[in-house]
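Participant: Sequence first, then the predicted structure:
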Amino acid sequence: MQKICTKNETKSISSCTDTNLVSAQNEVGKSGLTRRSFLKTSAAFAGAAAAICSVGCSAIAPGGKVNSEAEEQVFTGMCIANCNGACRLAITVREGKIVSTTMAEFPDPDYNRICLKGLNHPLRIYGPLRLKYPMRRVGERGADQWEQITWDEALTLLTDTWENVRNKYGASANAISAGAVRLGSLAPTMLSGMIGGTSLAASDDQAVDYIMPQCIGRTLLCSGSEPRDIKNAKKIFSWGCNPTNSNLQQVHWLLDALDNGAKLVAVGPNFTHMAAKADRFIRIKQGTDAVMFMALSNYLVKNDLADLTFLAEQTVAPFLVKASDKTYLRASDLGIELPEPVINPQTGEAIDLPIVVGQDGMPTVMGAITDPKIEGNFTFGEHKVTTAYSLLLDAIAPYTLEKAEEICGVSVADGEWIASLFADKEPLAVTALPGMDHYYNGHQPYHAMAALLMVSGHLGSPGNGSYYATYLTGGAVNWAAIYMPSDYPPSPEIPWTSLNDVCEKKTFNGHPQEIKSIVIWGKEAISGQMDKKRLLQSFDQMELVTVVDLEMNDTARYADLILPVAYFFESIDCAVTGTSHSYNILGEQAIEPLYESLNDYDIVVKIAEKLGLKWPYASKEDFLRVGFDSDLYKAAGITFDKLKEEKVMNSVPAFMLNEEGCLILGAGGVYGTDTGKAQFYLETVEPRVVTGIDFDKDSVRLPAWDPPYEAWDESEAAKKYSINLLQSHSKWRSHSTFAKAEWLRELVPEPVIYISPEDAAKRSIENGDIVKVYNDRGYVVIKALIDSGIAPGSSDLPKGFHLTDFIEGHYNELSHNAFHPFTVNNCFSDVRIEIEKYNGEVG
Amino acid sequence: MRLGMVIDTRRCFGCQTCAVACKSANNLPNNNWWNRVLTEGGENMDCPAGDYEKGYSLTFLPTSCQHCDNPACTRACPVGATSKREDGVVFQDYDKCIGCRMCVAACPYNGVRIFNWEEPEYYLDFALGDKDIPAHQKHVVEKCTFCAHRLAQGKTPACMVLCPARARFWGDLDDPESEVSKLINKRKYKQLLTDRGTNPSVYYLV
């Protein structure tokens, strides 16, 4: 039979390409089939098919018959997958059912977007994993045995447990994990405040999210210019990430830049689809990027290629750091009083301005002179001070390109070539998504990258800067009304990273702390948190694990109580945050909630009723109206009711945009930082979350590098395990979302680990072999594919498949729960493993 | 009129959105794909050829019926089920198709035609996608129709809505002012298996 090259083939499908397309063998002709004999054969096939289907295909019905007379109605909404794409969708309803979700236009077509995943919503809405009604566990935890209960029974069980736990362990032993990108779905974030419980806070991408705003500030959207500005760049680095998989809606602008003659350099451990578009791919060892960035800065400085004017005018370079306490020398230190104090518009208080030194050696306040010294040690009165720039030079001095070659594996020649690109004054952009964040030292590469952008002067104007495109936070939303309603003060937070520590040690930040019940609202913790075995042990200590979600995912399988949530298109809502564009999108109700599901907001109202608590909003639309009640929304001309009419509106006020309609970070040399300058030096150092774990604050003030926790040849783990494990984003899933979408599973039927030819050969592993991947914490049995793009000593296991998809074990058995106390962040890719051919039976 | 597609392989990054858009709009039966994005690189899907020292090679080739100007399939079909329309679309009429698969054998482009050996099956018990598509049938050959049902409504094929890479272009190749004509006049391109004399209406910019 003719080879049909699709789907289920993780093996090559290149035999179908133009270079070696072969003429189809006329098997039909050879067999001499006539129409009649062929139909006889067909009948036999039909019989066989019918026999098979009589026993297990009841769910499969003839779906091909379309009622072409049926009326269709198209609604607007947004794809919700925590991928940042935030595609606006056209949701088509026919005969009461959603039959497709496709691209819907933005006012600016440059933002039109859809991907392979967002087309699959109907399969999830009506699919077999959809949670239909409240359920209570009847078997062992994780055994997937349930009984259906009513909403009233479910909420009684939940609120009774809260009361019991509060009486035994205190109210803070009731924890709630809730977060959302739609305004109405933020209602659950109020729950922990309502019950006086603990809010379990997200700990993902937090190293980059914490350090970058401190270094370069943020706009109303994010810590970077609007992503589409990258098309103005003439040199682009895709560094430590793969936008074609993890942020694919930004790639077309990058391709536009290439069409306009820009040069693209991909830097990372492994060859990616983005690297396939690049002029150069430069391999760097995992977790060493900070060294490379510092070495590049050092090279520019030593070769007189640093942009000293930019440093003096737009960065903290000239500020004077006191030897005594590492803070800046300020006007009050020298008894300088300004005739007209500069007022901080946010606090209304006078700013104690930093002091700079003029070329004449005299101290004066920031802004009073245009050409301050940026290097030197000085003594003014009792204060011994050094410029921030001199401290930076000391910090980067050990990191030469020769040192970088030794640590990063990037040759001096390649280093010099990269440096020459940074030295050039043409616009230069670095796309650095959170790939480098997923290490214990995850803040260091971004800090050092920001410093390099400052040293080279590539910040603050179109086409320049870093485009890490992390969450746009809905900067205009009236968050105070949502997080701090007058009746319910915000509750104390414990980060997800600390959950296992708290459950084991029964303390947090030096205080006694228990967590005895947990509500996990819309989060796949088992595939998306660290160290699965420890997490399940934490669950074991809980009196009640409640999961509120759309689908029976891995976390739901380990729950005691499941509450079914209505799908995104089953209630009205607005997408206001978690996006990589500046638009707010109305989410219309396209269909009624299926089965007994309720939308997030209504569930919270029901819980409040059950608790006898006052609920501050008259309706969901009332709640949405309050969320839009802010000065910034007024400036952008947006209210909820206006959005209901227009369906999609730009949330950024026009006065913030440049002539091209773009929001540029640092425009006019003003950055949204504590000092208003770009900061390679951190005057104030606080941990992102106070966990009570000490660290040397001076160690994070300037760019620095510490070796990765495990993913490093000299780590403790490396004594036993020789390969680094990277958990990359796959284009096929957004984390675990869409992991079971059947159309996509036809193309990628099973999880795989990609390994280098060198590591495969050492272990006699052949392409497609089943392997066991293991370390001290656990293991997973999985198919191995040999990929020459993978660096020797590295491996890649794209995240997101469900527990049931693996032959045995799970990739998050391999990850660990260690975190840096400065950033309190999950380190998904800072993991060491060994791989061996699997000798067990595979069922 | 000669409707056709231009696909910029320098922009395509193999995301498969066009393949899934086709699957959705045409409510394709389980395991049927009319449009597939092939990896031109290493042995495994999405993996490159080469190595770090010598350099890597990885491109993608979205592949579906080439809607040839001089199609081999139409000459092979004994009953006129596959025919070229005046607008250049090579159409497949399920009701005429006798399932002989002569067209599959005659077509030089492997895998773009699919024969439904079994009654088509679906994941859901109602039809997804566009409503004006002909119902899929057992024992017929099916393939990309350039979304003929959408063309009839003045729309573009589903795979054009929307390529995230902005790598796909659609229009009348006979119209020198069309975007597709301008692109192939301006850029280097290839067609698949030109030695077969089929003159495909799908052009790949290289």
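Facilitator: The structure has been received and is ready for your questions.
Participant: so where do the helices sit in chain B?
Facilitator: Under the criterion DSSP state H, chain B contains helices at B:17-25, B:72-76, B:102-106, B:148-151, B:179-186.
Participant: What about the one residue in chain B that gets nearest to chain A, how many residues nearby?
Facilitator: Nearest residue of chain B to chain A: B:Y122, at 3.3 Å (CB to the nearest CB). In this view, the C-beta of every residue, glycine as well, is placed from N, C-alpha and C. By other CB atoms under 10 Å in any protein chain shown, 20 other residues sit near B:Y122.
Participant: List the contacts of the residue minimising distance to the centre of chain B.
Facilitator: By CA atoms, centre = their mean, chain B has its centre lying nearest to B:S64, at 2.3 Å. Contacts for B:S64 were tallied using CB atoms under 8 Å, 6 or more residues apart in numbering or on different chains; they are B:C22, B:W34, B:N35, B:R36, B:V112, B:K143, B:C144, B:C159, B:V202.
Participant: need the contact list for the residue nearest to the first one when sequence neighbours are not counted.
Facilitator: Leaving aside its chain neighbours, B:C22 sits nearest to B:N35 (4.2 Å; criterion: CB to CB, 6 or more residues apart in numbering or on different chains). Under the criterion of CB under 8 Å, 6+ apart, the contact partners of B:N35 comprise B:C18, B:A19, B:C22, B:K23, B:P62, B:T63, B:S64, B:C144, B:C159.
Participant: repeat for A:S517
Facilitator: Counting by CB under 8 Å, 6+ apart, A:S517 touches A:T161, A:W162, A:V165, A:A173, A:N174, A:A175, A:M542, A:E543, A:L544, A:V545, A:T546.
Participant: re the thing from before, can you tell me how far the residue of chain B closest to chain A is from B:G129?
Facilitator: 10 Å (CB to CB, to the nearest Å).
Participant: Next, the contact list for the residue of chain B positioned farthest from its centre, please.
Facilitator: Distance from the centre of chain B peaks at B:E53, with 36.0 Å (CA atoms, centre = their mean). Residues counted as contacts of B:E53 (CB under 8 Å, 6+ apart): none.
Participant: Read off the pLDDT value for it.
Facilitator: On pLDDT, B:E53 comes in at 95.
Participant: and if you look at the one 10 residues further on?
Facilitator: pLDDT, the model's per-residue confidence, is 97 for B:T63.
Participant: That one contacts B:E40, doesn't it?
Facilitator: No: counting by CB atoms under 8 Å, B:T63 stays clear of B:E40, with 10.4 Å between them.
Participant: those strands in chain B, which residues are they?
Facilitator: B:3-8, B:36-40, B:49-51, B:55-57, B:59-63, B:82-84, B:90-92, B:113-115, B:141-143, B:168-172, B:189-190, B:202-205 (DSSP state E).
Participant: Out of those strands, which is closest to A:S580?
Facilitator: strand B:168-172 (22.0 Å; CB to CB).
Participant: is chain A contacted by the closest one?
Facilitator: No: against chain A, strand B:168-172 shows no contacts by CB under 8 Å from any CB of the partner chain, the least distance being 11.6 Å.
Participant: what mean pLDDT does that strand have?
Facilitator: Per-residue pLDDT values over strand B:168-172 give a mean of 98.
Participant: can I get the CA coordinates of stretch A:312-330 in CSV?
Facilitator: Provided in CSV are the C-alpha atoms of stretch A:312-330 (Å, rounded to 0.1, in the frame of the first residue of the first chain):
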residue,chain,number,x,y,z
ALA,A,312,26.1,58.1,32.5
GLU,A,313,22.8,59.4,31.4
GLN,A,314,20.4,56.5,31.6
THR,A,315,21.8,54.1,34.3
VAL,A,316,22.9,54.1,37.9
ALA,A,317,26.5,54.1,36.8
PRO,A,318,27.4,57.5,38.4
PHE,A,319,25.6,56.9,41.7
LEU,A,320,27.9,56.6,44.7
VAL,A,321,27.6,53.4,46.8
LYS,A,322,28.5,53.8,50.4
ALA,A,323,31.1,51.3,51.7
SER,A,324,29.2,51.3,55.0
ASP,A,325,25.8,49.9,54.1
LYS,A,326,25.9,49.6,50.3
THR,A,327,23.2,52.2,49.8
TYR,A,328,23.6,55.3,47.6
LEU,A,329,25.0,58.5,49.0
ARG,A,330,22.0,60.8,49.0
